[in-house]
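Q: need a 3D model of the sequence below.
(one chain, ligands or ions: 1)
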Amino acid sequence: MTDAGLVLEGVSAAYRDARVLHRLDLEVHRGELLVVLGPSGAGKSTLLRLVAGLHPVAEGRVLIQGRDVTTLRPGRRNVSMVFQSYALFPHLTALDNITFGLEVRDVSRAAARERARAAAASVGCAHLLDRRPGQLSGGERQRVALARALVREPDLFLFDEPLSNLDPELRVETRGELKALHARLGVTSVHVTHDQTEALVLADRIAVLRDGRLEQLGTPDEIWRSPATVFVARFVGSPAMNLVPAGGPVAPEGMPEALGPERLLGFRPEAVRLDPTGSGAPATVERVDVVGEDAHAYLRLADHLIVARVPASARPAPGDPAEVAVRWADVHVFDAGTGQRVPL
Ligand SMILES: Nc1ncnc2c1ncn2[C@@H]1O[C@H](COP(=O)(O)OP(=O)(O)OP(=O)(O)O)[C@@H](O)[C@H]1O
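A: The predicted structure is shown next:
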């Protein structure tokens, strides 16, 4: 038996006949913050709901700190879930929302209120306890929802896109606070998002989910530096990694051997150099998007469009000729058929 924070063993889930998770194996270390990252429909929410006991397990087992909870009711799993929608009761004050359900678990009313105040203080909403959800901003509601999750002192936190309803500035601020809170409490956490930046910033490790299957599990550094598949390579990074067939329009500098079109070469926009050295591939600038200090220059090379990230101050103009160079050290190689990374 393992005492990992959470273990999924060959777990499948379905809606009627449609299977949405396929024999997933996943181990989250105790105290770890794992981010499940994937596009819409990948099965992220289903995975969380299944761990919380809100969706049935079709096959396999779920273990929380070594305890098999596969068939346990949600209330018996000692798990706290924070939803995107906050899921607060509109007719109750923040304080009553936080303590709701605590008193039935053999905690006296006074003790429950004491714990609620402490939890609220730790997430900065102690001054809001008398208000109802309708009198709170989105960010304040999210804090109350967090306090409600905290006060239960769970073995496992589940976060279902808790930042997605916040405006960009508040999202960045709350993301930082969540990370600090996790570092302070050290409770095993699974956080679901489709936002790659959120995943890279928050996670100890990232599980990339695609069509109900695990595409890659690794630290943010591993996911960024050695994406296991074309899917991960393109999903993480914005603009997405360029991909061209080997032997095609771009010949990386220092490439040790010639590769055939059964291989794909991947390189990030920031790896593309536009300085004309006379040896790069000739291209034409098709479009330029300026994003503050950065510019994304889209370059046409025969049938291929690749994107370069350059300083806005040094950006080319649409219609300009350009020369594209990439260093071999910046290139990722994938199998064109399977999409798998090819070790070099
Ligand atoms: N109640 C339901 N009945 C039938 N199919 C469902 C139901 N809920 C979700 N699905 C399907 O299950 C798959 C996984 O959905 P899920 O909500 O887990 O994905 P997700 O990765 O969380 O997506 P999002 O980021 O959009 O929330 C999708 O194909 C979805 O259409």
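Q: export stretch 72-79 to PDB, keeping only CA atoms.
A: This file holds the C-alpha atoms of stretch 72-79, laid out as PDB (Å, rounded to 0.1, in the frame of the first residue of the first chain):
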ATOM      1  CA  LEU A  72     -17.300   6.000  -0.400                       C
ATOM      2  CA  ARG A  73     -19.900   8.800  -0.400                       C
ATOM      3  CA  PRO A  74     -18.500  12.300  -1.000                       C
ATOM      4  CA  GLY A  75     -18.900  13.300   2.700                       C
ATOM      5  CA  ARG A  76     -16.700  10.400   3.800                       C
ATOM      6  CA  ARG A  77     -13.700  11.200   1.700                       C
ATOM      7  CA  ASN A  78     -12.400  14.100   3.600                       C
ATOM      8  CA  VAL A  79     -11.900  16.100   0.400                       C
END
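Q: interface residues of the stretch 51-200 of the chain facing the ligand?
A: residue 194 (C-beta under 6 Å from any ligand atom). Every residue, glycine included, has its C-beta placed from N, CA and C.
Q: and the residue of the stretch 51-200 of the chain closest to the ligand?
A: For the stretch 51-200 of the chain and the ligand, the shortest gap (C-beta to the nearest ligand atom) falls at residue 194, measuring 4.9 Å.
Q: got a list of what that residue touches?
A: For residue 194, the contacting residues are 37, 38, 39, 40, 42, 44, 161, by C-beta atoms under 8 Å, 6 or more residues apart in numbering.
Q: which residue packs closest to the second one, ignoring adjacent ones?
A: This means residue 38. residue 209 (3.6 Å; C-beta to C-beta, 6 or more residues apart in numbering).
Q: tell me what the helix or strand containing that neighbour is packed against?
A: In this assignment (DSSP states H and E), residue 209 forms part of strand 205-210. Judged by 3 or more C-beta pairs under 8 Å, 6 or more residues apart in numbering; DSSP states H and E, the packing partners of strand 205-210 are strand 33-37, strand 213-218, helix 220-225, helix 230-235.
Q: nearest to residue 286, out of the ones you listed?
A: Closest approach to residue 286 among the helices and strands packed on strand 205-210 is made by helix 230-235 (19.6 Å; C-beta to C-beta).
Q: what's the first-to-last distance across stretch 289-308?
A: Taking C-alpha to C-alpha, to the nearest Å, stretch 289-308 runs 10 Å from one end to the other.
Q: distance from the chain centre to that stretch, please.
A: 26 Å (C-alpha atoms, centre = their mean, to the nearest Å).
Q: can you give the contact residues for it?
A: So stretch 289-308 is contacted by 239-240, 242, 244, 248-250, 269, 272-274, 281-288, 309-313, 315-316, 322, 324 (C-beta under 8 Å, 6+ apart).
Q: can we see that at 6 Å?
A: Applying C-beta atoms under 6 Å, 6 or more residues apart in numbering, the contact partners of stretch 289-308 are 239, 242, 244, 249, 269, 272, 274, 281, 283-288, 309-310, 312, 315-316, 322, 324.
Q: ok, and the closest non-adjacent residue to residue 61?
A: residue 9 is the one closest to residue 61 (C-beta to C-beta, 6+ apart), at 4.4 Å.
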